[in-house]
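> sequence and predicted structure, then a few things I'm wondering about:
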Amino acid sequence: MLNSEEKARLRERGVLKLPGFLPEESVRPARERIERILSDEGHYDGNTWRPPAERPDWPAGSFASKRIKKAKELKYLQTDELQATIRDLMDGEALFSFMEHPQTLFTLNNADQWFLPATLWHVDLPRFAGCPEPGYQMFTFLAPVRPRSGGTLVVAGSHRLGNPTEGVLKSKRVKGVLKRYDVFDNLLNAEGENRERLLDTPETVDGVEVQIVEFTGEPGDVWLMDMRLLHTLAPNPSPVPRLMVTQRFMRASSWKLLGELSRVAA
């Protein structure tokens, strides 16, 4: 369980890292299973990753093998402790999971150098009225992800800006609302001035501190992310693939409310 300080930090920033949260006995079977699949399919020889003959260009480079998607060992990453931690954040409510088991996020080398994208920023869950804390997304690692090596990028604090007082806002509309603020208008513009400053220095927007956070870590580390956060996939200039895993958890009552609001909007 998170302590009161961790909960407050997560709710304020929308993101929190939990080093070594998942035990080795949960991570190892999933990692070994994925490595066997990648080896069978010619991407890994047990020690070295084998890049494709023609390197993909960002944002291409993902890997979506059906065998990986169906790997039952991924379920071991969805531990009882993880679900209890999120349920505690959700005031003990029942949870709704978007997927039967966690989903892999695999990015090959797809860029000569790292850069901060201006496109593909999005939210995974529509913003909607009536629920200030709808759910959290878990990210973890099956192999180390170093800085500027493809780790997911999020704008901490962005979940507290632009929320509707009624109805539902889908991802494109959320970006439109956020672009009313100069910081986001600059971030989402490839010609924006000094766009990378948010990587090093937070800025205050309408009383909320916002900053870009990069998901890096070791196997077993967990990042929790409020699903209203603006985030994007990053380029991976390293020779080693980004191999992360994610799962989404939402209050069951919020999922029902979102469905009702969406039907009214339709």
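Perfect, I can see it now.

> tell me where the stretch 151-266 of the chain has helices.
Assigned by DSSP state H, counting those that start in this stretch, the stretch 151-266 of the chain shows helices spanning 171-178, 182-187, 197-200, 252-265.

> mean pLDDT for these: which is lowest?
Among those, helix 252-265 carries the lowest mean pLDDT, at a mean of 81.

> export that helix as PDB, just CAs?
Coordinates of each C-alpha in helix 252-265 appear next as PDB, following Å, rounded to 0.1, in the frame of the first residue of the first chain:
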ATOM      1  CA  ALA A 252     -16.100   0.100 -12.100                       C
ATOM      2  CA  SER A 253     -18.500   2.900 -11.100                       C
ATOM      3  CA  SER A 254     -16.500   5.300 -13.300                       C
ATOM      4  CA  TRP A 255     -16.600   3.000 -16.300                       C
ATOM      5  CA  LYS A 256     -20.400   2.800 -15.900                       C
ATOM      6  CA  LEU A 257     -20.600   6.600 -15.600                       C
ATOM      7  CA  LEU A 258     -18.500   7.100 -18.700                       C
ATOM      8  CA  GLY A 259     -20.700   4.700 -20.700                       C
ATOM      9  CA  GLU A 260     -23.800   6.600 -19.600                       C
ATOM     10  CA  LEU A 261     -22.300  10.000 -20.500                       C
ATOM     11  CA  SER A 262     -21.100   8.700 -23.800                       C
ATOM     12  CA  ARG A 263     -24.500   7.400 -24.700                       C
ATOM     13  CA  VAL A 264     -26.100  10.800 -23.800                       C
ATOM     14  CA  ALA A 265     -23.500  12.600 -26.000                       C
END
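
> helices or strands up against it?
Helix 252-265 sits against strand 95-97, strand 127-128, strand 168-169, with contacts defined as 3 or more CB pairs under 8 Å, 6 or more residues apart in numbering; DSSP states H and E. For the C-beta atoms, the positions are set from N, CA and C on the backbone; glycine is no exception.

> pick the most buried one from those.
Stretch with highest mean neighbour count among the helices and strands packed on helix 252-265: strand 127-128 (a mean of 22; mean count of other CB atoms under 10 Å).

> elements contacting that one?
Strand 127-128 sits against strand 168-169, helix 252-265, with contacts defined as 3+ CB pairs under 8 Å, 6+ apart.
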